[in-house]
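1. build me a model:
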Amino acid sequence: MAIRIVRLGSPRARDEGLRIGTVRRPPRGVPKSEFASQDWYDVWYPNLAPSADLVKEAQEAATPKAWAAFAKKYRAEMGTPENARTLDLLAALSHGSDFSMGCYCEDESHCHRSVLRTLLSERGANLIAG
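-> Prediction:
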């Protein structure tokens, strides 16, 4: 059992389980009824997405220093009691369930999901390497 960190819209892996979209906005031009069948996500959970201002900052982060500043602010957002409890819950669930979480970005290393992976790992989540 484990969490798989994925790019939303990519083909599902075997035994991936429930796919959670940790994005600020649903995919454009896709009817809600087709989100799951088109491999976007089964459940939308924007609570774990960066705030709108941070999404913009991440998109504009062209240097390692700018990316580090984004990551620090995103970590702070995920450190609020509500978000921290959600991360703790997901980490605990990863030991008994298969599920995936993701975002639209092509490059995970320049996406909030890379920080999310680290935050879950720090909480003892069982993660599939990727």
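2. got the contact list for stretch 17-28?
-> For stretch 17-28, contacts defined as C-beta atoms under 8 Å, 6 or more residues apart in numbering pick out 4, 6, 8-9, 12, 32, 35-36, 38-46, 48-52, 55, 97-104, 112-113, 116. Quick note: C-beta positions are derived from backbone N, CA and C, even for glycine.
3. in it, which residues are buried?
-> Buried residues in stretch 17-28, counting neighbours by 16 or more other C-beta atoms under 10 Å, are found at G17, R19, I20, G21, T22, V23, P27.
4. name the nearest residue to the third one, sequence neighbours excluded.
-> Once its chain neighbours are removed from consideration, I20 has its nearest residue in M101; the separation is 4.6 Å (C-beta to C-beta, 6 or more residues apart in numbering).
5. wait, isn't that neighbour in contact with I5?
-> Yes: M101 is within contact range of I5, at 6.0 Å (criterion: C-beta atoms under 8 Å).
6. what residues do those two have in common as contacts?
-> Residues touching both M101 and I5 (C-beta under 8 Å, 6+ apart): R113, L116.
7. which of these two has more neighbours?
-> M101 (24 against 20; other C-beta atoms under 10 Å).
8. using CSV, write out every CA atom in the helix or strand harbouring S121.
-> Assigned by DSSP states H and E, S121 belongs to helix 112-122. The C-alpha trace of helix 112-122 is given here as CSV (Å, rounded to 0.1, in the frame of the first residue of the first chain):
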residue,chain,number,x,y,z
HIS,A,112,4.3,21.8,-5.7
ARG,A,113,3.8,18.1,-5.8
SER,A,114,7.6,17.7,-5.2
VAL,A,115,7.2,19.6,-2.0
LEU,A,116,4.1,17.6,-1.2
ARG,A,117,6.0,14.4,-1.7
THR,A,118,8.7,15.6,0.8
LEU,A,119,6.1,16.7,3.4
LEU,A,120,4.4,13.3,3.2
SER,A,121,7.7,11.5,3.5
GLU,A,122,8.6,13.6,6.6
